[in-house]
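Trainee: One predicted model, sequence on top.
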Amino acid sequence: MDEGEPELSLDVRIGQRLKALRAERGWSLDDLAGHSGVSRASLSRLENAEVSATASVLGRLCAAYGMTLSRLMHRIESDVEPVVRAAAQPVWTDPALAFERRTVSPPTQALAGEVLECRIGPGTLIDYEKPPRPGLEHHLVLVEGQLTITVDGRRFDLRDGDCLRYQLHGASRFETNSQTSARYFLFMV
């Protein structure tokens, strides 16, 4: 990018990446709608940056493409250095769901793991119909608040300091009650 050229908004960069992923697979918008369960019209609006993506929709698209949200965002966000300073850690928010995701340790080609810090506001429910990649290993450490996680139909109620370890094979749900938010670190391998 030239110094005088303005940086593209995150919505535009997400749209461009989604369009490129679809093109790499030779899929039409209808094909992707069939794989993801997201309407053709919504996909078109996302690719053209006419709307902001939600966590739920990005989760469906990542499942269709077989990649984690972090891998998708990494290809959109800046290059990864060995030391990732706090000020350089990308933050993505879904204001409709009171959800914020900070990429503490972005994915790289050489390393299998990645670390996210996530915040979910009170009274929030995030559903993922299927995993981005079957068998993806998660280690979730709840730092503050309360969080109910349902993985493959099994419900877990977490409190400060609890760690939930699991592999994703089916649907998952993250839920806070109406009074309490949650902040957690998610380690993915």
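Mentor: Noted; the coordinates are in hand.
Trainee: Can you pull the domain assignment for the protein?
Mentor: As given by automatic domain parsing, the domain ranges for the chain are 10-74, 86-188.
Trainee: Just to check, R40 is in contact with D30?
Mentor: Yes: the pair R40 / D30 is scored as a contact, 5.7 Å apart, by C-beta atoms under 8 Å. C-beta: built from backbone N, CA, C; applies to glycine.
Trainee: The two - which one has more neighbours?
Mentor: Counting neighbours by other C-beta atoms under 10 Å for R40 and for D30 shows that R40 has the greater number, 14 against 10.
Trainee: And the pLDDT for that one?
Mentor: Per-residue confidence (pLDDT) for R40: 94.
Trainee: just R133 next, same as before
Mentor: 82.
Trainee: Equivalent analysis for A64, please.
Mentor: 93.
Trainee: Can you verify it is assigned to a strand?
Mentor: No: under DSSP: H, G, I helix; E, B strand; the rest coil, A64 falls outside any strand and is assigned helix.
Trainee: Now for it, how many residues are close by?
Mentor: Other residues close to A64 by other C-beta under 10 Å number 22.
Trainee: what does R17 give?
Mentor: Neighbourhood size, R17 [other C-beta under 10 Å]: 17.
Trainee: mind checking which helix or strand it is in?
Mentor: According to DSSP states H and E, R17 maps onto helix 10-25.
Trainee: Of the domains of the chain, which stretch is the most buried?
Mentor: domain 10-74 (a mean of 17; mean count of other C-beta atoms under 10 Å).
Trainee: What ranges does the protein have for its strands?
Mentor: Using DSSP state E, the strands of the chain run over 91-94, 99-105, 114-120, 125-128, 136-145, 147-151, 154-158, 163-168, 172-175, 182-188.
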